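J.: need the 3D shape of this:
(chains A and B)
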Amino acid sequence: MEFEFRHRDYTAEEKAYSLPRLPAESHPLSKSSHQVDLGHKEKDETDILDPLREVNEKKEATLEVFQDEEINLTGAQGPSSEDPLELHSKEWTSFKKILMQRFPVSKRISLSSISNAIMKTVKVKDKSPVDTHLEELDDPQKFTEEGLKVISQKEYVARLHELKDEISHSWRNNDRVTSLKLSIKVARLLMDTSVVEFYPTLFVLAVDVMDMLGDLVWERIRQKAEYSEDGTFICSLPENFEASNICDRAKETCNNWFSKIGSIRELLPRIYLEVAILPCWCFLINNPLSSLQRLVMMTRGIADPLASAYCQLYMVHRAQKLRQHDVGYLITGINDLKILMMRILSMPETTRKISLADGRLLVSLMEPPIEYMMRCIFKDLNQVSDILMGLGLGKDRSHLFGDRPCISIILHHLLKELPTGVICSNAVDILHLIECNFDFSYDQFLNYKLLGHRLCESVSQVNEANALVDKVIQVISCYDSLYEYLEVLDAYVDIGLQNQMDIHLNSILNEIFERVCAKEIDESALSGLQSFLLKLLTHFDDLKDILSMNRFVDILDVMHGSSRNLINLSILRMATRNSCIQDPTIIHFLFEVSQALHDGTDFSNIRNDENQHSALLISRFVNMVDYGLDFERKLSFLVDCRGAFGGLSELKETLVHSSNILTIKALKDGSNHITFAKSCLTFSEVTIPAIPSGLKQLNLYIETAEVALLGGLISHADGLVESALCYLQDFDLVDGLRVPDSIEASLSLICKLCSLMILLPGNLEQGFLYGPKKIFSFLDSQSWMTSKLKIRVLSALISMSAALSQNVIPFQLIHGKVIGSKKLIFGDPTCLEEFLSFSGAIVQKIVDIVLQEPSQASRGNLALEGCNSIASSFKVCPEVLTICSKLVEIAELSLSSDNRYLVSTKNFLKTRQLCFREDGHRHKYMTG
Amino acid sequence: MSIEIKLSRSNRIYRPNEALEGKIIANFSTSISHQGIRLNINGSVNLQVRGGSAGVIESFYGVVKPLPIVNTTVVVQPSGRIASGISEIPFSVILKDRGKEDMEKFYETFHGGNISIQYLVTAEVARGYLHKSLSTAMEFIIESKKENLPEKPISPEMVVFYITQDTQRHPLLPELKSGGFRMSGRICSQCSVLDPLNGELTVEASGIPIQSIDIHLLRVESILIGDEIATEITSIQTTQIADGDVCRGLTLPIFVILPRLLTCPTIFAGPFSIEFKAAIVITFQSEQTKKYAKYDPKTPKSWMATESVPLELVRTK
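T.: Residues are numbered from 1 along each chain as shown, chains lettered A, B, ... in the order given. The predicted structure is shown next:
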C-alpha cells in the first residue's frame, strides 16, 4: 500500500484546537468555609460515640426502652390529641410488658395454701369451713404440707385468665356477688410472695382483673346516675361532674360496693379492691384524695416488702384515673418503702433471715414500683423543694439535700427524675448525699455515675464544678475495682475537662494504670477505658498533649480487641486531621498504633465498612508522614509500612504513590539522588504486582514508568512498560472490569501507554514495534473488548505510528537525559517502512471491524471514528481516499444525513482536501 | 292472682311519725269482689336465748315473749270489687310512736343473733268464707327520728389504749412474756353507724414477730330473763390491719366500715340491750399459730394479745 504519514505540527494544532484557558480563582474542590468541615467532624464523632455509650449504660436499658416506647406512642398519635388518661393507659401497658419481661419466671411454681383459689380441685372448694377446720385440728402438719402444690407457670396463668373470664361472665349474668367473690380470690393470690420472681408476673395478671372489675363497677354506677330506675335516660354525666350531681340511688350502690369491699377480712385484698374502685369515690365526694392518703397508710400494715411495694404501685396506677393529682400520698408511700427497705438492709449479717443474694433479688424486684412512683412524683415539677422536704432529704428550703440517710436505690431513682436545674445547682450537696448512702440496694458508684450523667445534661449550669471534680476524684481514688473507677470517672470527664481537670489527668492515668496492673482487665472495664480514652482524645486537639501524659501509652498497650481498635482509629483520625506529620516520636507512635490496628483487624472481609475505614486512615497517615529532605528515611518508612501492613491492599497503592512522589522530590532536589531514585523505583516495581485490582496495577505501572522517564531512568521505564504490556497480555478480566466505567478506564490507560511508547526508545532486540504490536495482538485476544474500544485503540496506534514518523514529536523531554525512540529511528528508512506497513495492517483491521459490526447505528459511528483517525494521520493518496470514502459511505448508510458526527467528519475531510466529488477520485496535494 | 306491696321509698327506710306510703298492686285475671282491703303494720322485738351460750338454764330456751312496738290495722278500701288486670291501691299510714303505754318505742330495725327488731307491713284482701284471703307482707326499715339525732360530725371520742404483756388477763406463751411487746393507739369509742370506725395503732416494740393484727367488731346482745341477764357476744366482722411483722413505730390506721345489716345504734332498753365492742387482737408468730389458723376472738389464746374497747354506735343526721 502506498500510505505515507502526514506531516503534523503538534504545537500549532494544540494552539488551534485548545479552548482558551483562564486562571481559576478557587479550586473547585476546596472547602468553602471551615464551618462545614467542623460540622461534619462533629457529626462523625457523635456517630461513632453514641452506640458505645449505649453499651456502657446497659443497666439503664429497661427504663430507656420504656421511655422510648412512650415517646413513640405519643409521637404516633400527636401529643395534642392525647388525653392524659389514654396516655396513662398506654404507659401502663408498656410498663406491665417490661415488668414481665424483666423478671422471667422458672417453669414451676410451688404454691402455698393461700393460693388455693388457683387450684381447680373441686374437693377443696366444696369442703365446708367446718370440715376444713376439723381436718386441720386432726393433723395440722399434714394440711400444711398438702397446701404446697406444684403447678406450672403456664397452668397458673391459664387459670388466672379463666378466673378473669368467669368474673366478666358472671357480671354479664348480673351475678355481681360472684364477680366480687372471684375478684377477692384473685386479689388474695397477691398475698403469696413465696415465689418472689413470679410476683411481678402475678401482679400484672391480677391487676388486670382488678382493673376490669373496677371499670365495671364504675360503669354500673355511672349508668345508675345517668338512667332512672325504670331505665329512662336522664342526663349524661359531664366529664368533671360533682358528687352533688349524682342521684341517691347511684350513691347508694356506690356505698354498697365500698361496704362490701370493706368487709373483706384480709388487708391486702381489701386494699387492692378498694383501689380498683377508687375512682368511684368521685360519685360520693368531691375530693377523693383523702382516701388515697388513708389507703397508703393502710398499706403500712403489709409487712412483706414486695407485696407492699406492688400494692403501692397499683395504687399509683389507679390514682391516675382521678381528676386531681397529688404527690402527698406518693411521698408517704416512698417514705414507707424506705423504712421497709431499711429493715432489709440493716439486718445484721448474722441474724439476717435472708441471704445477701436474696436481699438483692428482693430489692431488684422492688425497683419497678419505686421507679414508677418516682416518675409520678416528678410529673409536676413545681413543687420540687416540697417533695424533697417531704422525702426527708432537705432540712429547709435553702438546704434541699442534707445528709439524712436514704436508700441507695430510692436515691438512684430520685436522681433520675429530679429536674436538671435542681441537680446542677446542688451538685456538691448531692454528691455528699450519695457519699452518705452506702447499702447493698444499689451500687454506690452507679449513683455517682448517674449524677455525673445528669450533670452532663447541662454542664454550664453546674455549681462549684471544681470542688465537685476534686471530690469525685477523691472518691474514686478509693475504689479498688477498675471497672467502678472508670464508670464513675467516665461520667464526670466531660465536666472535668471543662473545669481544669487537666491537672489531675496524670494522677488519674497513674491510678488507672495501677488498677490495670493489679488485676486482669475484663470486658466491662475495657469498655469503660475505651469510653474514657475516647473522651480524652476528643477533648485534646493535639496528639502531642495526649502523648505527653504519662501512662497513656502504657494503658493503651494493655487494651485489646475492638476497644483497642476503636481507640487506635480515633488516634489516627485525630492525627490525620492536620496537614502533615513530622515529629518522629509521633510518627513512631502512630506507626505502632496503625500496626496494632492492622493486626487487630480482619482485613479479609473487604466489604466491612469499619475495616475500610481503618484502612483508609492508615493510608492517610502513611501519606501524611513527612520527613522533609530525609528521603532515605521516608523510603525506609515506606518499606516498613509495606512489611507491617501486608493485609492492606489499598495501602500498597498509597505506598507506590508515595514512593513515586518521593522520587520526584529527590529528582527535583538535585542530580545526586539518582541512586536513591532508583531504589524508590525498585520499591515501586516490587510493590505494584501485590496490588490485586487490575486497573490500579496498570495505572501504577504507567505512573511509575513516567516517573522513571522523568528521571531519565530508561531501563526502569522500559521494564515498567514491559511489565504493563505483559500485564495487558494476561489481562484476565475480573468481574469488576465489566462495569462500563472500568472498560473506559482501561481504554484510556491503553491510550496512555501508547503515548508513553512514543517517548521510550524501545527495545532494540525486539524491534521498535514490539510494544504496539503487542497491543495490536492483544485486541483480538480479549473477549470483553467492544468494537468501539478496538477502533479507538487502533486509532491510538495509528496516531502513535504517525507521531514517531514526524520531525517534531508532541512531547518535550528533558534535554540530554533521554534519548527517545524518535532520535533513534530518525531518518531510518527501514523503520519508517515498518511503521507504514504496521499502519496498513491497522487500517485494514479498522475496515474489517467496521464491516463486521452487526449493529447499524454503531457501525456508522465506528466508520466515522476510523475515518477521522485515518484522515488525520495520512497524506492524501488514492488508497486513503478510497478507504475514507468507503467508510463515509458506510456511515451515510447507517446514520441520518444530518447526524452531527457525520457532518463534522465530512467537513474535516473537506479541509483535509480529501473531499470527493461525484466524478470521483481527484488527486490532491498535501498541505504544508 | 297476686297482690304485692310497693313502698314509696326504694330503700324502704322510714322514721317514726312519718307516713308509710305506698301502693298495693293487685294483678287479677278476672275481676273479683272482696270484703275489704286491710293493711297491718306490726313491729316487735323478738328475743330468744340459745342454750349454753350464756350459762342460762336451757328451759328458758325460746320462752321470752316478743316485745310489741306497733301493731295497727287500717282499712285501705271497704268491701267492693277489684277490676281485672293490674290495679293499684295507694295507702298512707302514719307511724305513730308510742301508741300505747305498754308498747316499746320505735327501735331501729336490727337483725341479730338473739335479738331481732323487725317491722312488717302486711296487706290482706279478705274474700269472705268461701275464698281464701289474699295477703302479702314486706319488711320495712325503721331508723331513728332525725330531729332527735346529734349533729354530724359527732365529737370524736377517742380511747387511748396500750397493749403489753402485762395488760393481758389470759396466759401468754413464755417467749411472749419474756420477749415483751408494747402497742399503743387510740380508737373511737363513739361512732356513727354510717361512718367507718377510725383509730390508729402503733407497734412500739415486740420481741416476737407479729403475724397479724385484727380488729374484731363484737356485738353484745343481752336479754333480761327474770333476774338473770343472758349475754351473747358475736363477732360480726373481722378486719385485718396488719399482715405480718410490720415495722415498729409506724402508725397503722384503723379503718373499719361498719356492716350495715349487722349493726344498729346501741340500745339500752329495760328487757334487753344491744351493745358493740371493738377488740384489737394481735397474733404473734409461733408454732401454735400455724396449727390453729382459725380462732375465736372471744377466748384469747396464749399466742395472742387483746384489748377490747366498748363502742357506742349512734345514728347521726
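J.: hey, where'd the helices end up in the stretch 101-250 of chain B?
T.: B:174-179 (DSSP state H, counting those that start in this stretch).
J.: the stretch 401-550 of chain A too?
T.: Under DSSP H, counting those that start in this stretch, the stretch 401-550 of chain A gives helices at A:408-417, A:420-425, A:427-436, A:444-456, A:465-476, A:482-497, A:502-518, A:523-539, A:543-548.
J.: any chance of these in CSV, plus distance to residue B:305 and mean pLDDT?
T.: C-betas here are computed from N, CA, C, even on glycine. Formatted as CSV, these follow (distance: least, C-beta to C-beta, whole Å; pLDDT from 0 to 100):
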stretch, distance to residue B:305, mean pLDDT
helix A:408-417, 34, 88
helix A:420-425, 47, 85
helix A:427-436, 39, 84
helix A:444-456, 42, 86
helix A:465-476, 49, 83
helix A:482-497, 49, 84
helix A:502-518, 57, 81
helix A:523-539, 53, 83
helix A:543-548, 73, 80
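J.: of all those helices, which lies closest to chain B?
T.: helix A:408-417 (15.7 Å; C-beta to the nearest C-beta).
J.: just the CA trace of that closest one, in CSV.
T.: C-alpha atoms of helix A:408-417 as CSV (Å, rounded to 0.1, in the frame of the first residue of the first chain):
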residue,chain,number,x,y,z
SER,A,408,-29.4,4.0,97.5
ILE,A,409,-32.0,2.6,95.2
ILE,A,410,-34.5,5.3,96.1
LEU,A,411,-31.8,7.9,95.8
HIS,A,412,-31.0,6.5,92.4
HIS,A,413,-34.5,6.9,91.0
LEU,A,414,-34.8,10.3,92.7
LEU,A,415,-31.7,11.4,90.9
LYS,A,416,-33.1,10.1,87.7
GLU,A,417,-36.2,12.1,87.9
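J.: what comes up buried for it?
T.: Neighbour-count burial for helix A:408-417 flags A:408, A:409, A:410, A:411, A:412, A:413, A:414, A:415, A:416, A:417 (criterion: 16 or more other C-beta atoms under 10 Å in any protein chain shown).
J.: which one of these is nearest residue B:277?
T.: Distance to residue B:277, by C-beta to C-beta, is smallest for residue A:410 among those, at 41.6 Å.
J.: pretty sure that closest one sits against residue A:336.
T.: No - using C-beta atoms under 8 Å, residue A:410 is not in contact with residue A:336; the gap is 11.3 Å.
J.: so what are the domain limits for chain B?
T.: B:2-146, B:158-314 (automatic domain parsing).
J.: select the helix or strand of the chain having the lowest average pLDDT value.
T.: Using chain A here. Least confident helix or strand of chain A, by mean pLDDT, DSSP states H and E, is helix A:122-126 with a mean of 35.
J.: chain B, not that one
T.: Bottom-ranked secondary element of chain B by mean pLDDT, DSSP H and E: helix B:287-291, a mean of 72.
J.: what residues of the helix or strand following that helix count as buried?
T.: Using DSSP states H and E, the helix or strand that follows helix B:287-291 towards the C-terminus is strand B:304-314. Judged by neighbour count using 16+ other C-beta under 10 Å, the buried positions of strand B:304-314 are B:304, B:305, B:306, B:307, B:308, B:309, B:311, B:313, B:314.
J.: near chain A at all, strand B:304-314?
T.: No - shown here: strand B:304-314 not in contact with chain A (C-beta under 8 Å from any C-beta of the partner chain), separated by at least 15.0 Å.
J.: any idea how far the spatially most central residue of chain B is from residue B:216?
T.: Central residue of chain B (C-alpha atoms, centre = their mean): residue B:263, 3.1 Å from the mean position. Taking C-beta to C-beta, to the nearest Å as the measure, residue B:263 falls 13 Å from residue B:216.
J.: which of the buried residues of strand B:304-314 sits closest to residue A:189?
T.: Scanning these for proximity to residue A:189, where the rule is C-beta to C-beta, the winner is residue B:304, at 26.9 Å.
J.: assign the nearest residue to that closest one once chain neighbours are set aside to helix, strand or coil.
T.: Leaving aside its sequence neighbours, residue B:304 sits nearest to residue B:283 (C-beta to C-beta, 6 or more residues apart in numbering or on different chains; 5.2 Å). Secondary structure state of residue B:283, per DSSP: H, G, I helix; E, B strand; the rest coil, is strand.
J.: next, the contact list for the closest residue to chain A within the stretch 101-250 of chain B, please.
T.: Closest residue of the stretch 101-250 of chain B to chain A, C-beta to the nearest C-beta: residue B:244 (2.9 Å). Neighbouring residues of residue B:244 by C-beta atoms under 8 Å, 6 or more residues apart in numbering or on different chains: A:302, A:303, A:304, B:210, B:211, B:212.
J.: and residue B:4, by the same measure?
T.: Counting by C-beta under 8 Å, 6+ apart, residue B:4 makes contact with B:24, B:25, B:136, B:138.
J.: so how far is residue B:82 from the last one?
T.: Counting by C-beta to C-beta, the separation of residue B:138 from residue B:82 is 19 Å.
J.: comparing those two, which residue is more hemmed in?
T.: The neighbour comparison of residue B:138 against residue B:82 (other C-beta atoms under 10 Å in any protein chain shown) goes to residue B:82, with 21 against 15.
J.: wait, the more buried one touches residue B:34, no?
T.: Yes - between residue B:82 and residue B:34 there is a contact under C-beta under 8 Å: 6.4 Å.
J.: shared neighbours, the two?
T.: Residues touching both residue B:82 and residue B:34 (C-beta under 8 Å, 6+ apart): residue B:125.
J.: just among the contacts of residue B:4, which is most surrounded?
T.: That'd be residue B:24 among these, by other C-beta under 10 Å, with 24 neighbours.
J.: tell me the bridge partners for it.
T.: When assigned by DSSP bridges, residue B:24 has beta-bridge partners residue B:5, residue B:89.
J.: for it, give me its contacts.
T.: Neighbour list for residue B:24: B:3, B:4, B:5, B:6, B:37, B:39, B:76, B:88, B:89, B:90, B:91, B:123 [criterion: C-beta under 8 Å, 6+ apart].
J.: which of the residues you listed lies closest to chain A?
T.: Within the contacts of residue B:24, proximity to chain A (C-beta to the nearest C-beta) peaks at residue B:6, which comes in at 11.7 Å.
J.: ok, that closest one - contacts?
T.: Counting by C-beta under 8 Å, 6+ apart, residue B:6 has contacts B:22, B:23, B:24, B:25.
J.: burial measure for the second one, as a count.
T.: The one in question is residue B:23. 18.
J.: quick one: it from residue B:86, how far?
T.: Distance, residue B:23 to residue B:86, using C-beta to C-beta: 11 Å.
J.: same question, the last one
T.: The spacing between residue B:25 and residue B:86, counted by C-beta to C-beta, is 6 Å.
J.: the first one now?
T.: Using C-beta to C-beta, one obtains 15 Å as the distance from residue B:22 to residue B:86.
J.: tell me which of those two has more neighbours.
T.: The residue with more neighbours, out of residue B:22 and residue B:86, is residue B:22; 23 against 9, by other C-beta under 10 Å.
J.: surely that one forms part of a helix?
T.: No - counting by three-state DSSP, residue B:22 is located in no helix; its state is strand.
J.: list the residues that contact it.
T.: B:5, B:6, B:7, B:8, B:90, B:91, B:121.
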